[in-house]
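Asker: Predicted model, plus sequence, below.
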Amino acid sequence: MTDKPSRNEDAYFARQEAERLEQSRAEIQRVTIESERKSHYMKCPKCGADLNTVDYHGVQVDRCPKCDGVWFDAGEVESLVEKDTGVIDVLRSMIRTVS
């Protein structure tokens, strides 16, 4: 009599190993994505310096102390426009310059 595993046993262990590998890969990918996010979080997209959050007419915007870039999160421009702080003219002039 041989101690050779049956096909069912081979398939079972192959599935178990495949599941472990998939879980391991998913965890590695999750850790990699989180690490990349942390390395870019609150960094200036232009020069890479740490951004500071400043209050501009009641809206929190991100400003770079190195290159003086100002970066808006989703909805911040709309909030400034709603407050009618004269930002509309500044944004229009910026758009004209870029166009």
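Answerer: The structure has been received and is ready for your questions.
Asker: and Ser79, how far is that from Trp71?
Answerer: Going from Ser79 to Trp71 by C-beta to C-beta, to the nearest Å gives 14 Å. Yep, even glycine has a C-beta here, placed from its N, CA and C like the rest.
Asker: Revised request: answer the last question for Glu34.
Answerer: Remark: distance between Glu34 and Trp71 (C-beta to C-beta) = 22 Å.
Asker: what about those two, which has more around it?
Answerer: Taking other C-beta atoms under 10 Å, Glu34 and Trp71 do not tie; Trp71 has more neighbours (15 against 10).
Asker: Tell me what Val70 is bridged to.
Answerer: Arg63 (DSSP bridges).
Asker: For this protein, give the helix that spans the most residues.
Answerer: In the chain, with assignment by DSSP state H, the single longest helix is helix 7-40.
Asker: Next secondary structure after it?
Answerer: strand 52-56 (DSSP states H and E).
Asker: Val59: how many residues sit nearby?
Answerer: Residues lying near Val59 (other C-beta under 10 Å) number 19.
Asker: For the residue nearest the centre of the chain, give me its contacts.
Answerer: Closest residue to the average C-alpha location of the chain: Arg37 at 5.1 Å, with C-alpha atoms, centre = their mean. By C-beta atoms under 8 Å, 6 or more residues apart in numbering, the contact list for Arg37 is empty.
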